[in-house]
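>>> With the input below, show me the fold.
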Amino acid sequence: MAVTLTSRAAEHIDKFLQKRGKGVGLRLGVRTTGCSGMAYKLEYVDTPDPADNVFESFGVKVFVDAKSLSYIDGTELDYGREGLNEGFKFNNPNEKASCGCGESFTV
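Take a look at the predicted model:
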């Protein structure tokens with residue numbers, strides 16, 4: 001089981017953590033919501049939960065709770081720009097469908 005970051009995503013997270021002046025990594029999880037059933041949630045981690053699964057890519061730690069891992073195992077988190085929009089992109093091999101607005105997905 002693993003969750004990985006691209007070098008662009010790791011660089012963005014690392015820069016943000018440095019600018020913020022605190023934090024040990026990024027928490028990636030899922031929550032029930034939206035028209036397709038689930039949505040990704042991201043937050044910076046200041047104090048890790050000992051029960052979290054911890055993955056590291058390019059020196060940046062990603063924390064994932066056990067419940068979320070079954071839905072996002074194998075996910076690669078990327079960061080990029082498309083036109084005027086920039087942000088994280090989730091390359092999740094478990095995703096079967098997503099809603100038209102891109103806010104939620106189903107496995």
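>>> Low-confidence ranges, this protein, go.
1, 34-36, 96-107 (pLDDT under 70).
>>> which non-adjacent residue is nearest residue 76?
Of all residues not flanking residue 76 in the chain, residue 91 sits nearest, at 4.3 Å (CB to CB, 6 or more residues apart in numbering). Quick note: C-beta positions are derived from backbone N, CA and C, even for glycine.
>>> Next, the residue nearest the centre of the chain: secondary structure please.
When CA atoms, centre = their mean is applied to the chain, the residue found nearest the centroid is residue 28 (4.0 Å). On the three-state scheme (DSSP: H, G, I helix; E, B strand; the rest coil), residue 28 is labelled strand.
>>> Can you name every helix or strand that the top helix by length along the chain contacts?
For the chain, the helix that runs over the most residues, judged by DSSP state H, is helix 7-20. Using 3 or more CB pairs under 8 Å, 6 or more residues apart in numbering; DSSP states H and E as the contact test, the elements touching helix 7-20 are strand 25-33, strand 37-45, strand 60-64, strand 76-82.
>>> Against residue 51, how distant is the residue nearest to residue 76?
In this structure, residue 91 and residue 51 are 26 Å apart, going by CB to CB, to the nearest Å.
>>> between the two, who's got more neighbours?
When residue 91 and residue 51 are compared on other CB atoms under 10 Å, the one with more neighbours turns out to be residue 91, at 12 against 8.
>>> Tell me who's in contact with the more buried one.
With contact taken as CB atoms under 8 Å, 6 or more residues apart in numbering, residue 91 is in contact with 75-78.
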